[in-house]
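1. any chance you could fold what I've pasted below:
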Amino acid sequence: MIASAAGAAEPQADTAERPRAREAGVIIGTLPPGPRNAIVDVSGVAVGHATVVEGDAIRTGVTAIVPHPGDLYRERVPAAIVVGNGYGKLLGVTQVEELGELETPILLTGTLGVWRAADALVERQLALPGMEQVRSLNPVVGETNDGFLNDIRARPLRPEHVRRALDTASADNVDEGAIGAGTGTVAFGWKGGIGTSSRRLDPARGGHTVGVLVQSNYGGRLTIDGVALDGVRPDRTSARNAGDAPPATGDGSIMIVVATDAPLDDRLLRRLATRALLGVGRTGSSMSNGSGDYVIAFSTAREVRRTPGSDRHAQQVLANDAMTPLFDAVAEATEEAIVNSLFRAETTSGHRGTVQALPLARVLPLLRRQGAAETIAR
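-> Here you go, the predicted model:
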């Protein structure tokens, strides 16, 4: 079964029941978010999802991040990839490392769906008008392992799922939780998923926007806005088979996509991407041996876009001294995106058992007692 952003196969709960962090009174950091508090606050960025739910065992999907609505092959955006711990199967890394640019949308999915997603992305992009003579393309596809809720060995991803995510990508999409590539993910033993957030700098600090989208599927000591939730632990008896339980160790993975409208080249984007990992650490992760922690960062600024075949790329980028506000912004937005992925995800049953949603009725009073959440009148 396929579902796009317009209609998920397992509907998300009403926002009042599973609110975003800010809606629940949890204010991460000090910088203001953009109007939608999402990666799509960066002008031109679009997000689409295809949620794949079939029977009792298939719980996976695809999330697409499109940097701008134009021709991505001929108007390439500068990009950088940073690896925290490299236990993962991210495709397209070496060319981005070498050339410092993206030439396709970014896809996120489950681990064993990476190659099928990449093949479908290449097929779709090559079929676009003007691509008839293209003989090389670098699809960037990230993943996390959704093998507890999803029968990952079945490899159910099909080309139509990828097309659905790309074709429904929208600049208004702020859907989060168990949707798209987050359908089968688990974070800190609770239901993880897709989360997003943004920060907008005031004009005196450049006026730029930084947006983040995450696919959370990792662990550690869950910490929200500085409060360690040691007293709130998931039920370890929800597996179908004895000895099997939702993963609650530090292993797992997180994919982080960072977009900004600040004019940054690939060197500056690498510096920005590195600070996104601070947001991961603030949530209680130490990036364990079995974790795949990846950040893909790109700039949408028109003045830094690149045209293949040009002898020179004349561009003006921010100075090093202007980067610190963006570092603050990306760390905050990453932390909040992760928290949003947990707050918005619903309890999900699948291949090997059930993963509970983070119990907000227990978590929010703890955060309020520690001064990390405000009481919101409803």
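2. so residue 313 sits in a helix?
-> No - assignment of residue 313 by DSSP: H, G, I helix; E, B strand; the rest coil gives coil, placing it outside any helix.
3. distance of it relative to residue 367?
-> Remark: distance between residue 313 and residue 367 (Cβ to Cβ, to the nearest Å) = 47 Å. (Glycine included, C-beta is placed from N, CA and C.)
4. can you check residue 145 too?
-> According to Cβ to Cβ, residue 145 stands 29 Å off from residue 367.
5. I'd say residue 145 and residue 217 touch.
-> Yes - between residue 145 and residue 217 there is a contact at 6.7 Å, judged by Cβ atoms under 8 Å.
6. now for those two: what residues contact both?
-> Common contacts of residue 145 and residue 217 (Cβ atoms under 8 Å, 6 or more residues apart in numbering): 252, 253.
7. which one's more surrounded, the two?
-> Each of residue 145 and residue 217 has its neighbours counted (other Cβ atoms under 10 Å); residue 217 has more, 30 against 23.
8. so where's the stretch 101-250 of the chain shaky on pLDDT?
-> With pLDDT under 70 as the threshold, the stretch 101-250 of the chain has low-confidence stretches at 236-245, 248.
9. now the end-to-end length of stretch 64-84.
-> Using Cα to Cα, to the nearest Å, the gap from the first to the last residue of stretch 64-84 comes to 22 Å.
10. I'd like to know the average pLDDT value across it.
-> Stretch 64-84 carries an average pLDDT of 98.
11. repeat that for stretch 365-378.
-> The pLDDT scores in stretch 365-378 average 81.
12. can you list contacts of it?
-> Applying Cβ under 8 Å, 6+ apart, the external contacts of stretch 365-378 come out as 16, 23-27, 224-227, 229, 231-232, 364.
13. give the buried residues for that stretch.
-> In terms of neighbour count (16 or more other Cβ atoms under 10 Å), stretch 365-378 has its buried residues at 366, 367, 368, 372, 373.
14. between those, which sits nearest residue 335?
-> Ranking the buried residues of stretch 365-378 by separation from residue 335, with Cβ to Cβ as the measure, puts residue 372 on top at 12.0 Å.
15. just checking, that closest one is part of a strand?
-> No - if the criterion is three-state DSSP, then residue 372 is coil and not within a strand.
16. only C-alpha atoms, please: export stretch 273-284 in PDB.
-> Once side chains and other backbone atoms are set aside, the C-alpha atoms of stretch 273-284 remain, and they are given as PDB (Å, rounded to 0.1, in the frame of the first residue of the first chain):
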ATOM      1  CA  ALA A 273      27.100  20.100   8.700                       C
ATOM      2  CA  THR A 274      29.600  19.300  11.400                       C
ATOM      3  CA  ARG A 275      27.700  21.400  13.900                       C
ATOM      4  CA  ALA A 276      24.500  19.500  13.100                       C
ATOM      5  CA  LEU A 277      26.000  16.600  15.000                       C
ATOM      6  CA  LEU A 278      26.000  18.800  18.100                       C
ATOM      7  CA  GLY A 279      22.200  18.600  18.000                       C
ATOM      8  CA  VAL A 280      22.400  14.800  17.900                       C
ATOM      9  CA  GLY A 281      24.700  14.800  21.000                       C
ATOM     10  CA  ARG A 282      22.300  17.100  22.900                       C
ATOM     11  CA  THR A 283      19.600  14.400  22.600                       C
ATOM     12  CA  GLY A 284      21.800  11.800  24.400                       C
END
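17. excluding its backbone neighbours, what's nearest the spatially most central residue of the chain?
-> The residue lying closest to the centre of the chain (Cα atoms, centre = their mean) is residue 214, at 2.1 Å. When the adjacent residues along the chain are set aside, residue 214 lies closest to residue 337, with 4.6 Å between them (Cβ to Cβ, 6 or more residues apart in numbering).
18. dihedrals phi and psi, the one you found?
-> Listed backbone geometry of residue 337 is phi -60, psi -40, with angles given as degrees, to the nearest 10.
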